[in-house]
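**Q** Please find the sequence and the predicted model below.
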Amino acid sequence: MAVLNGERMHDTMERLLPGARSAALLWQGAAVLGGAALGAGQVYGGAAPFGLALVIGCPPSYCLAAALGTLAAGLAFQPMLLGVKLAVAAVASAAVRRLIDGRPGAGALAGCLTLTAAQVLQIVLAGGLFNPGQTVTVGCTALLAAVFGWAFAHFPAREPRGVCLWLAVATACLQRCAVGPLAPGLALAAGAGLCAAIGGTLEQTAVLSIALAAAITASGPTLAYAALAVALGSLAASCLCPGERGRCAGVFAAGCTAGALAAPDAVSVLPLAVSAGVGVVAALAVPGSVLHKIFPPPAPPVQTQGLGGAARKLSAVADTLSDIADTVNAVCQRQLPPKGETFDFVVEQVARTTCQSCTRRSRCWVRGYATAMDGLYHLKPTLESKGRVEVEDLPGQLAGCIHPADLCTAANHGYRLWRSRRQTRARAVTLRAALTEQYSALAGALAQLAGKLGQAGLPDPRREARVAQLFAELGLDALECSVTADLAGRLTVNVTICRTRFTPDEVAGLTDEMTRICRRDMDTPEITHCRTVTMLCFGEKPLFTVEFGAAAHAAGGQSVSGDALDQFCDTSGRAQMLLCDGMGTGRAAAVDGQMAAKLTAQLLRAGFAAESAARLVNVALGLKGAEQEAGATLDLLTVDLYTGRAGLFKAGAAPSFLVRGGVPRMLDGASLPMGVLDSLVGRSTTFALDAGDWVVLVSDGALTDGSDWLMQQLQLCAKLGHTPKQAAETVADAAARRAGAKQDDITVAVLAMGRAG
């Protein structure tokens, strides 16, 4: 009956899980082969613990198969008495685990006690003769079997610790299969160590190399020099060129050669050379995808994970704001004009207030409906032109009305209400457009900031410790200290200390010390004092430097100019030059120009890109100009001082000029000023700059006589070797003289590129 039930259960399993029986048989066969392979292994002193350890640590369903393999290997490859004892111990351990208690501890207790009892029985049967060497071998076998059995159970092969354990055991067992100069265990150790150097970290390589060297030495003490050579080669490859296959192999070979100097004689070098060569060939044949699975990249540091989380949150907020803007626009575009926003509202107002109580209502609105409606719609042109209608303005269709004055009063009141509704809706439409545009601009800006955060560099703990130690030695304990490298490898050092004032000499000394510590050419720090703390930000010195120059003339001798200029270098190694020209001249234009320039500069310093900053400023100017005309042009030049890459963004601005090799050329882009339309219409241009190049921004007042004479003036300034300040003043003075009485606000700004010393 039990047999029938077992067959029925197997049939059901095969029907539910096709191939399950074949897979189970394969696993049982693997357990037999594993027991046979491990049961044949030995370590120094003749101990053979690995087969029994497998029986103790494997799952209970495979312990009988593992015991069978261990029994066969013990009888075939181990000394007769030790093989018999191991076979009995393995069977006892498997029987206890399968029939009584499946836990590894029970198996270890049964196997070790059986092995000890067999040794005691041998001593008794031998007449009490005590063989110290054999007794120690059996004792070491029992102890090591318990230890490795516990390790097999708790360190599965899918974990890095389990991989290291199984590689060490396989290395020790394979030493029994040496063929001539080839030592398979040594070849496995060499291949595994080189794979770790190529795909793993230095820590992983060190742990694996130590474990494999111990396994080689334990299985064959005469190969201790070879174990040293393989470990030395693996560690050297991981330290000097991690992840590079060819160079790792070369450094590994050099390390093995250095380790071979410890060999007792020249003949002993042959097993190391042959086995290490086989291991190198095998390691180079392993695909990269396999190495990535075995040695996954380490988790990023906590700080990077935090920045990554912040980047994801910012990106999600940006997507939400963008969706809100799209939804609001879509809903508003699909809505029909609300009730009360067509001229029918005026007609209904007249009919409700004047005609409803009139005695001739039926005559006018039943028999003469078409005539009455035609007459009331004829009032629309008069109301739109004069704002009100008088009795003499009534058309002929309404000549029969017996209450003309009341009709005019109702029409005037209804028209005022109708116009108020239209104005309210127009204002709501303007505000809605500004709101959705602001949402879209903020979404774009946040998405860019999220991208920057997501690409934030990794911290450098060693340099952080040295920087913190520097400030501690100066008596300024760092409240916060970070050293990070971006994707381009550039270092940034941020230090926060208690509020402290520094003299220029002290700042220069700090910069020199930071250069020495970081081993990079660091630039003068940006120092920010905030309440009770002082923040210092050191960055690598850029490849280029810039020199600014500017000159301005207000129109008609006025005290204020409608042009606003700002020139600065930010903490990200970028030079910024922006010029805003308010519409018109005088104070009104100055308000718009200064507002646009100030907002744009603040957004740029906060990390916003040029177009995002311009869109937000466009919304602000649009809201300001809802009641009165307002607007400003924008010229924005951004130069990356590390690469020389420049971007020029224009919104309604006058042409700009690039002077290279003393020859100017015009940079133009058709666009509209900010604050004119709901959405910004700008134009971006990118180009490369080098040392000696000039970029010149001008307001439209400098181009009264066109651009040809200005380009000639710039060419002359370049030939005379003017500084940017001298060139800007020369061009501005010449433009003011040529403009004469029709002078507009004039501003000339020059940026000159130089090479950092």
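**A** Arrived safely.
**Q** Mind listing what's buried along the helix or strand hosting A168?
**A** Using DSSP states H and E, A168 maps to helix 160-174. Within helix 160-174, the residues that count as buried by 16 or more other C-beta atoms under 10 Å are V163, C164, L165, L167, A168, V169, A170, T171, A172, C173, L174. All C-beta atoms are positioned from the backbone trio N, CA, C, and that covers glycine.
**Q** Please apply the same query to stretch 189-202.
**A** So stretch 189-202, judged by 16+ other C-beta under 10 Å, has buried residues 189-201.
**Q** now, which of those residues sits nearest I100?
**A** A192 (38.1 Å; C-beta to C-beta).
**Q** Do I have it right that the closest one meets L167?
**A** Yes: the criterion here is C-beta atoms under 8 Å, and A192 meets it with L167 at 5.2 Å.
**Q** which residues are in contact with both of the two?
**A** L208, L212 (C-beta atoms under 8 Å, 6 or more residues apart in numbering).
**Q** Surely L52 is in contact with A90?
**A** Yes: if you go by C-beta under 8 Å, L52 and A90 touch, sitting 5.4 Å apart.
**Q** Check the burial of A734 by counting its neighbours.
**A** For A734, the neighbour count with other C-beta atoms under 10 Å is 18.
**Q** same question, T409
**A** For T409, using other C-beta under 10 Å, the count is 16.
**Q** Quick one: residues contacting the nearest residue to it once chain neighbours are set aside.
**A** Leaving aside its sequence neighbours, T409 sits nearest to T354 (C-beta to C-beta, 6 or more residues apart in numbering; 8.0 Å). By C-beta under 8 Å, 6+ apart, T354 lies in contact with H403, D406, L407, T409, A410.
**Q** contacting residues around the last one?
**A** Meaning A410. Q349, V350, T353, T354.
**Q** Mind checking which of those residues are buried?
**A** Q349, V350, T353, T354.
**Q** So which of those residues belong to helices?
**A** Judged by DSSP state H, these include Q349, V350 as members of helices.
**Q** how about TSV for the buried ones among the contacts of A410, with pLDDT added?
**A** Below are the buried ones among the contacts of A410 laid out as TSV (pLDDT from 0 to 100):
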residue	pLDDT
Q349	80
V350	79
T353	81
T354	79
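**Q** Pipe the buried ones among the contacts of A410 into CSV and attach distance to A218 per row.
**A** Shown next, in CSV, are the buried ones among the contacts of A410 (distance: C-beta to C-beta, whole Å):
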residue, distance to A218
Q349, 105
V350, 110
T353, 110
T354, 114
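**Q** in the stretch 501-650 of the chain, which spans are strands?
**A** With strands called from DSSP state E, counting those that start in this stretch, the stretch 501-650 of the chain shows them at 526-530, 533-539, 544-553, 563-569, 574-582, 632-640, 645-651.
**Q** Mean neighbour count for those - can I get that in TSV?
**A** TSV is the format used below for these (neighbours: other C-beta atoms under 10 Å):
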stretch	mean neighbour count
strand 526-530	12
strand 533-539	19
strand 544-553	20
strand 563-569	22
strand 574-582	26
strand 632-640	25
strand 645-651	22
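**Q** do you know which of the ones you listed lies nearest C481?
**A** strand 533-539 (9.9 Å).
**Q** Quick one: list the elements packing against the closest one.
**A** strand 491-498, helix 504-518, strand 526-530 (3 or more C-beta pairs under 8 Å, 6 or more residues apart in numbering; DSSP states H and E).
**Q** in the second one, what's buried?
**A** Going back to what we said before, that points to helix 504-518. Those buried within helix 504-518 under the rule 16+ other C-beta under 10 Å are L510, T511, E513, M514, T515, I517, C518.
**Q** from what I can see the second one touches T524, true?
**A** Yes: in this structure, T511 sits in contact with T524. The criterion is C-beta under 8 Å, and the distance is 5.5 Å.
**Q** mind putting the strands of the stretch 501-650 of the chain in TSV, mean pLDDT and distance to G246 included?
**A** Conversion of the strands of the stretch 501-650 of the chain to TSV gives the following (pLDDT from 0 to 100; distance: least, C-beta to C-beta, whole Å):
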stretch	mean pLDDT	distance to G246
strand 526-530	85	43
strand 533-539	89	36
strand 544-553	90	37
strand 563-569	84	43
strand 574-582	83	39
strand 632-640	84	35
strand 645-651	87	34
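**Q** Take these and lay them out in TSV including distance to A110.
**A** Supplementary listing: the strands of the stretch 501-650 of the chain in TSV, determined by distance: least, C-beta to C-beta, whole Å:
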stretch	distance to A110
strand 526-530	71
strand 533-539	67
strand 544-553	78
strand 563-569	77
strand 574-582	74
strand 632-640	73
strand 645-651	74
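**Q** Looking at those strands, which is nearest to A213?
**A** Per C-beta to C-beta, nearest to A213 of these: strand 533-539, 43.7 Å.
**Q** Parallel or antiparallel, which strands does that closest one pair with?
**A** strand 491-498 (antiparallel), strand 526-530 (antiparallel) (DSSP bridges).
**Q** for it, the distance to its chain's centre please.
**A** In this view, strand 533-539 has its centroid 24 Å away from the chain centroid, taken as C-alpha atoms, centre = their mean, to the nearest Å.
**Q** contact partners of that strand?
**A** 479, 490-500, 510-511, 514, 522-523, 525-529, 571-573.
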